[in-house]
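Participant: need a structure here:
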Amino acid sequence: MSKSTNQKTKLLHLCRILLLRTDEEHPLTVPQLIEELARQDIKAERKSIYDDLEALRLFGLDIQSRKGKTPGWFVGGREFELPEVKLLMDAVQSSRFITQKKSDALIRKLEGLASIHQAGQLQRQVYVSGRIKVMNESIYYNVDKLHAAIAGQKAISFKYFDYDIGRKKVFHHDGKRYVVSPYGLIWNSENYYLVAFDHCHQELRHYRVDKMTEIVVTSLDREGREQYPDFQLAEYGQKHFGMYGGQEVKVTLRGRRDKAGLVWDRFGQDVILVPDGAEHFTVTLPVVISPQFFGWLLGLDGSITLVGPKEAVAAYRRRLSATLEELSQPPC
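Facilitator: The predicted model follows:
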């Protein structure tokens, strides 16, 4: 009897069977492995299976065996352990900048990192979230192009848009292309942002990646090194609350000592807090003055207050006064 065309791929099929169908709770016996191979039109004998299992073990696959009530062979340690796969799936599902279609596709691929039995646990986890997703399907590929431009230190051009109430794209600058030099990507407030040197305005700006389209990596070398020789992506993200633009100011905050963690969570562990009496501290740091910064302060309910400079304090008061005036207006 002639051998089937699949016989040459016997070891590969056995490896796939072990990865997909076995784990610590679901081993397969040698007869079951032979049966699984037969479904692929592959003949195997008991001795050859033992030899193949040893070959896979020497190759690096964590082949384990167990005796007792549920004997058999299974894959022990994997490239990604089940808790790690769950963590990755949570990140994908909760990421607002990935569309639902791309989230589903990524999750299906992540399921392939576990056995079919473990995939059932992962599926139950997928339906927990139901997060709001962006509508721009091309963001998946935008990120790849941006990383290529950053690595190659090349400028890019693109069009930038918003959505109107009819969910139609409305392009900025009458549809003219932006030309910028990418410096890095920031994941902030559940969105992806590109930080780049704007060639027209000769300054650093940031752009929502899901609102960028028709991205082209140009042959132009990256600009902005002279203006920003010591640019740090992390510092840029710390200064911009919610990635809103505005004037950068060195502000002084005064807070209760039990709220020190809020400052470190926002600005990093390197920020120096200066004791101010027995119950308070002060800290001076650069931020971009914006409605989002004022909203952050307001949300702290007075536990951290803005005390300087005078111009920033006055701007905060004007913002609060304007909000109170709006609330006092009678409804239409």
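Participant: Gln7 reaches Lys43, doesn't it?
Facilitator: Yes. Counting by CB atoms under 8 Å, Gln7 does reach Lys43; the two are 6.8 Å apart. Quick note: C-beta positions are derived from backbone N, CA and C, even for glycine.
Participant: report how many residues lie close to Leu61.
Facilitator: If you count neighbours by other CB atoms under 10 Å, Leu61 ends up with 18.
Participant: so it, which of the three states?
Facilitator: Under DSSP: H, G, I helix; E, B strand; the rest coil, the three-state class of Leu61 is coil.
Participant: ok, now how distant is it from Thr213?
Facilitator: Distance of Leu61 to Thr213, computed by CB to CB, to the nearest Å: 44 Å.
Participant: top helix in this protein by residue count?
Facilitator: Longest helix of the chain, by residue count under DSSP state H: helix 310-328.
Participant: what comes up buried for that one?
Facilitator: In terms of neighbour count (16 or more other CB atoms under 10 Å), helix 310-328 has its buried residues at Ala312, Ala315, Tyr316, Arg319.
Participant: where does pLDDT dip in this protein?
Facilitator: Under the criterion pLDDT under 70, the flagged ranges of the chain are 1-4, 94, 96, 121, 123-137, 165, 189-190, 241-244, 331-332.
Participant: any idea how it splits into domains?
Facilitator: 7-75, 82-126, 139-231, 242-328 (automatic domain parsing).
Participant: so the residue lying closest to Phe267 once chain neighbours are set aside is in which element?
Facilitator: Leaving aside its chain neighbours, Phe267 sits nearest to Gln238 (5.3 Å; criterion: CB to CB, 6 or more residues apart in numbering). Here Gln238, judged by DSSP states H and E, is contained in helix 233-239.
Participant: packing partners of that helix?
Facilitator: strand 178-188, strand 280-289 (3 or more CB pairs under 8 Å, 6 or more residues apart in numbering; DSSP states H and E).
Participant: and that helix, which residues are buried?
Facilitator: Going by 16+ other CB under 10 Å, helix 233-239 has these buried residues: Tyr236, Gly237, Gln238, Lys239.
Participant: possible to save these as TSV with distance to Lys176?
Facilitator: Compiled in TSV, these are given as follows (distance: CB to CB, whole Å):
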residue	distance to Lys176
Tyr236	25
Gly237	28
Gln238	32
Lys239	28
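Participant: now, which of those residues sits nearest Gly120?
Facilitator: Gly237 (38.2 Å; CB to CB).
Participant: number of residues surrounding His199?
Facilitator: 15.
Participant: about what we covered before: export the next helix or strand after the helix holding Gln238 to PDB, keeping only CA atoms.
Facilitator: Counting by DSSP H and E, the next helix or strand C-terminal to helix 233-239 is strand 247-256. Extracted in PDB, the C-alpha atoms of strand 247-256 (Å, rounded to 0.1, in the frame of the first residue of the first chain):
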ATOM      1  CA  GLN A 247       0.400  76.900  26.200                       C
ATOM      2  CA  GLU A 248       3.100  75.100  28.300                       C
ATOM      3  CA  VAL A 249       3.400  76.600  31.700                       C
ATOM      4  CA  LYS A 250       5.400  75.700  34.800                       C
ATOM      5  CA  VAL A 251       2.700  75.400  37.500                       C
ATOM      6  CA  THR A 252       2.800  74.800  41.200                       C
ATOM      7  CA  LEU A 253       0.300  72.500  42.800                       C
ATOM      8  CA  ARG A 254      -0.400  72.100  46.500                       C
ATOM      9  CA  GLY A 255      -1.900  68.900  47.800                       C
ATOM     10  CA  ARG A 256      -2.700  66.700  50.800                       C
END
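Participant: what's strand 247-256 packed up against?
Facilitator: Here strand 247-256 touches helix 260-267, strand 280-289, strand 304-308, helix 310-328, going by 3+ CB pairs under 8 Å, 6+ apart.
Participant: just the CA trace of the last one, in PDB.
Facilitator: Spelled out, it's helix 310-328. Only the C-alpha atoms of helix 310-328 are listed here, as PDB (Å, rounded to 0.1, in the frame of the first residue of the first chain):
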ATOM      1  CA  LYS A 310      -1.000  83.900  38.900                       C
ATOM      2  CA  GLU A 311      -1.800  83.800  35.200                       C
ATOM      3  CA  ALA A 312      -2.700  80.100  35.400                       C
ATOM      4  CA  VAL A 313      -4.800  80.500  38.600                       C
ATOM      5  CA  ALA A 314      -6.700  83.400  36.900                       C
ATOM      6  CA  ALA A 315      -7.300  81.300  33.800                       C
ATOM      7  CA  TYR A 316      -8.700  78.500  36.100                       C
ATOM      8  CA  ARG A 317     -11.000  80.900  37.900                       C
ATOM      9  CA  ARG A 318     -12.300  82.200  34.600                       C
ATOM     10  CA  ARG A 319     -13.000  78.700  33.400                       C
ATOM     11  CA  LEU A 320     -14.900  77.900  36.700                       C
ATOM     12  CA  SER A 321     -16.800  81.200  36.500                       C
ATOM     13  CA  ALA A 322     -17.800  80.500  32.800                       C
ATOM     14  CA  THR A 323     -19.000  77.000  33.700                       C
ATOM     15  CA  LEU A 324     -21.100  78.300  36.700                       C
ATOM     16  CA  GLU A 325     -22.600  81.000  34.400                       C
ATOM     17  CA  GLU A 326     -23.600  78.400  31.800                       C
ATOM     18  CA  LEU A 327     -25.200  76.300  34.500                       C
ATOM     19  CA  SER A 328     -27.200  79.300  35.800                       C
END
